[in-house]
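J.: let's see this in three dimensions:
(chains A and B)
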Amino acid sequence: MDFPIFHADLIGNRAIIATIATLHVLINHGLAVGMMPLIAAMEWHGRKSGESRWDALAYKLLFVCFLVTTTIGALTGVGIWVSASLVNPYAIGSLIRVFFWAWFVEWLVFVTEVCLIVVYFLTWSKWTGGAAKRRHIGLGFGLAAFSWITMAIIVSILGFMMDPGNWLTDHALLAGFTNPIYLPQLAFRTPLALAMAGVVAAFLTIFFTKGDEPFRREALRAINLWTLFWAPVTLAGGWWYATVVPEAMKDNISTAALTMEFEGWQTEFYLIAAGTAALLYLVAQVAVLRPGWVPRPAYVVSLLAVVWLTGHFERVREFVRKPYVIGRYMYANGIRVADYPLLQRDGVLAHSTYSYPLTAAEAGPLAAEEREQAQRGKDVFMIACSRCHTGAGVNSVISRFQSLFGDGRWDREQLADFTTSMHDARPYMPPFPGTKAELLALSDYLVHLRKSGLAIPGAQHTGVAVNARDVAVQSAQSTSPAESR
Amino acid sequence: MSHTRRRDRDVTRSIASRRPGAGTLPWSVTNTLLVGFLILLAPDPWVTWLVGGSAIAVAAVTGAIVAVRRTAGIAPLTPLDVIAAWLPGLIALSLAGVGLALVIRNPDDEVLRLGGVGLFLVQILFIAITGSVPEPRADSADRRSVRQSA
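T.: I've put the predicted structure just below:
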């Protein structure tokens, strides 16, 4: 608890990471990992068949990919680091300690990938004849390989966060890298990216080719053939992936897919998702059979469908691992499982470096004693709840209790009792990490928050106060003989 | 419309008019739907296997004939031509098999059973349509005209 806590009370911290990360995944899978081999294959086929329009189409697709991946793709890549470090620095810190060298290699591969895409794009119209063209096509496949390697490394970290496997007993990089989820997830994401690229390429092809020329039919047939091939492989990979997801996480799927409000609609959701996937496949299949039979809006629907399915998959993957942010090692609130006994004995406030001062609006109506209690409650909220919950925004803690205790008067003991055992009723919630006194302080603060209806500002708005205990420790250290020397 | 584009379309139409299999589509669709009904109503898994397996075998032969015909008239034959001729059918047959397996292995689950029949039907229909509808595709004559116009 050594970092000031950033908190966005309107949309919630989760939404910041989710928006940036999902956008990044869509770009990474659809326009880089999956698209680069497709573009290189189109360039190769254009040369092999002597059809220059394949080459022209591949170049136009590359132009879009180059533009999007080097701007939004690169920014969202950095954005994941920034947002995750802000929201849960402890989780990122743990991951960096385990995967330092993996990330270092990934960084090298990523820089190489960026250099390759720049060279690939800029030399397209220069390396045209004979050996130069062959070299250029080779460059395209090389770029595709590097795009895939970056994903292959990151997928290991994503798998580790779901189930660290043997790393829990053997804290070595290799044990973490070869976690039980790694290969199945890679076997799912690789064909998913390739199939997704086919859908995106088909959508772009209707803009890049003329409607009444046979080449459009030929191009759409070939691109949809690509999708058609990878779609069943994606299903097979997805099935393998589903078999290795820990049972406890499977229990969270209905909430992960539909939120608490709609979790009873699980069957309907599965049917809609399966129907959407079937529709995607059907469009590709009909396009392979007779490209002319598929109306242009169908490609728009396909694109939206693949974006929704992939985006929703990411949401589910992020949610199911709860209550952990790193499976069985660290809870979603950033507190390690191993630290719980200590914190439940001493209290989280005793080990917290910072306090988050009440704003004038928050403190206004309270007497001095109540203010102290609210301050403690707010600090507990920031440490234990704020990673996932807001005060008045998305997934607000007030609305959650409102759905349980209704509009009447809230009793602090009742709130505290529920919070003590909430992880039994809702397995995706971590246990409360503090003492009974801290729990009552939190309850008092929530009762006050409900009355005031105020949003909870993060450290970026209110600043922080260094806790007295730490000030005392620091001053003791600064005057100790060791420090003096 | 430009002269080149009109010529492309005329070439396509003339190819389409002489392709074999024209006019059999209604029968192929009807036969496939009947097979689907039989699978749905079959009292025994063995009957389902027999009917579904036979349909897959017939579709495999049909698909192979279509694929051979499709590649026969193309010169020069590129890897894409070969893949485009054979791969869709192979995937369709595999998925039809998956659909049949879903029906047989989930006799008590209505959703999976109906899903299996649907998957089986769509995939067999795909092959039936491929074999029945003359295809306005870019074969060698068409492709030559495309290259000339490029």
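J.: so the residue positioned nearest the centre of chain B: helix, strand or coil?
T.: Geometric centre of chain B, nearest residue: residue B:127, 2.0 Å, by CA atoms, centre = their mean. Using DSSP: H, G, I helix; E, B strand; the rest coil, the three-state assignment for residue B:127 comes out as helix.
J.: run through the bridge partners of residue A:331.
T.: With DSSP bridges as the criterion, residue A:331 is bridged to residue A:324.
J.: my guess is it contacts residue A:339. True?
T.: No - if you go by CB atoms under 8 Å, residue A:331 and residue A:339 don't touch, sitting 9.4 Å apart. (Glycine included, C-beta is placed from N, CA and C.)
J.: what count of nearby residues applies to the closest residue to residue A:35 other than its chain neighbours?
T.: Leaving aside its sequence neighbours, residue A:35 sits nearest to residue A:197 (CB to CB, 6 or more residues apart in numbering or on different chains; 4.1 Å). Using other CB atoms under 10 Å in any protein chain shown, residue A:197 has 28 neighbouring residues.
J.: any idea how far residue A:197 is from chain B?
T.: To chain B, residue A:197 is 17 Å away according to CB to the nearest CB, to the nearest Å.
J.: pop the domain breakdown of chain A in here.
T.: What automatic domain parsing lists as the domains of chain A is A:13-331, A:338-472.
J.: possible to save these as TSV with distance to residue B:86 and mean pLDDT?
T.: As requested, the domains of chain A are exported to TSV (distance: least, CB to CB, whole Å; pLDDT from 0 to 100):
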stretch	distance to residue B:86	mean pLDDT
domain A:13-331	11	95
domain A:338-472	47	92
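J.: gap between stretch A:391-410 and the chain center?
T.: Relative to its parent chain, stretch A:391-410 has a centroid offset of 26 Å by CA atoms, centre = their mean, to the nearest Å.
J.: also stretch A:24-32?
T.: 13 Å.
J.: and what of stretch B:107-122?
T.: Taking CA atoms, centre = their mean, one finds the center of stretch B:107-122 at 20 Å from the center of the full chain.
J.: what pLDDT does the residue nearest to the centre of chain B get?
T.: Looking at residue B:127, its pLDDT is 90.
J.: thinking it is in contact with residue B:90, fair?
T.: No - shown here, residue B:127 and residue B:90 do not form a contact pair, counting by CB under 8 Å, at 10.3 Å.
J.: what is in contact with those two at once?
T.: Counting by CB atoms under 8 Å, 6 or more residues apart in numbering or on different chains, the shared contacts of residue B:127 and residue B:90 are residue B:63.
J.: buried ones in the helix or strand hosting residue A:61?
T.: In this structure, residue A:61 sits in helix A:52-68 according to DSSP states H and E. By neighbour count on 16 or more other CB atoms under 10 Å in any protein chain shown, the buried set for helix A:52-68 is A:53-62, A:64-66, A:68.
J.: of the residues you listed, which is the nearest to chain B?
T.: Nearest to chain B among those, counting by CB to the nearest CB, is residue A:53 at 5.7 Å.
J.: in which helix or strand would I find the closest residue to that closest one other than its chain neighbours?
T.: Excluding the flanking residues, the one nearest residue A:53 by CB to CB, 6+ apart is residue A:215, at 4.9 Å. Using DSSP H and E, residue A:215 sits in helix A:214-244.
J.: list the buried residues for that helix?
T.: Using 16+ other CB under 10 Å as the burial criterion, the residues of helix A:214-244 that qualify are A:214-235, A:237-238, A:241, A:244.
J.: re the thing from before, surely the residue nearest to residue A:35 is in a strand?
T.: No - according to three-state DSSP, residue A:197 belongs to no strand; its state is helix.
J.: show me the contacts for it.
T.: So residue A:197 contacts A:29-31, A:33-35, A:37-38, A:226 (CB under 8 Å, 6+ apart).
J.: can you tell me which of the residues you listed are buried?
T.: Buried members of these, scored by 16+ other CB under 10 Å, are A:29-31, A:33-35, A:37-38, A:226.
J.: save the residues you listed as TSV, and put in secondary structure too.
T.: Shown next, in TSV, are the buried ones among the contacts of residue A:197 (three-state DSSP):
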residue	secondary structure
A:29	helix
A:30	helix
A:31	helix
A:33	helix
A:34	coil
A:35	helix
A:37	helix
A:38	helix
A:226	helix
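J.: want to try CSV for the residues you listed, with distance to residue B:27 as columns?
T.: Formatted as CSV, those follow (distance: CB to CB, whole Å):
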residue, distance to residue B:27
A:29, 43
A:30, 41
A:31, 45
A:33, 45
A:34, 40
A:35, 42
A:37, 41
A:38, 38
A:226, 32
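J.: nearest to chain B, of the residues you listed?
T.: residue A:226 (9.5 Å).
J.: nearest residue to the closest one other than its sequence neighbours?
T.: Spatial nearest neighbour of residue A:226, chain neighbours left out: residue A:198 (4.2 Å); criterion: CB to CB, 6+ apart.
J.: that neighbour against residue A:281, yeah?
T.: No - proximity of residue A:198 to residue A:281 does not meet the contact threshold set by CB under 8 Å, at 11.2 Å.
J.: among the two, which residue is more densely surrounded?
T.: residue A:198 (28 against 22).
J.: who's in contact with the more buried one?
T.: Contact analysis of residue A:198 by CB under 8 Å, 6+ apart lists A:34, A:38, A:223-224, A:226-228, A:230, A:284.
J.: next one: residue A:306
T.: Contacts of residue A:306 (CB under 8 Å, 6+ apart): A:30, A:195-196, A:199-200, A:280.
J.: would you format those as JSON lines with distance to residue A:120 included?
T.: Below are the contacts of residue A:306 laid out as JSON lines (distance: CB to CB, whole Å):
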{"residue": "A:30", "distance to residue A:120": "18"}
{"residue": "A:195", "distance to residue A:120": "22"}
{"residue": "A:196", "distance to residue A:120": "20"}
{"residue": "A:199", "distance to residue A:120": "22"}
{"residue": "A:200", "distance to residue A:120": "18"}
{"residue": "A:280", "distance to residue A:120": "29"}
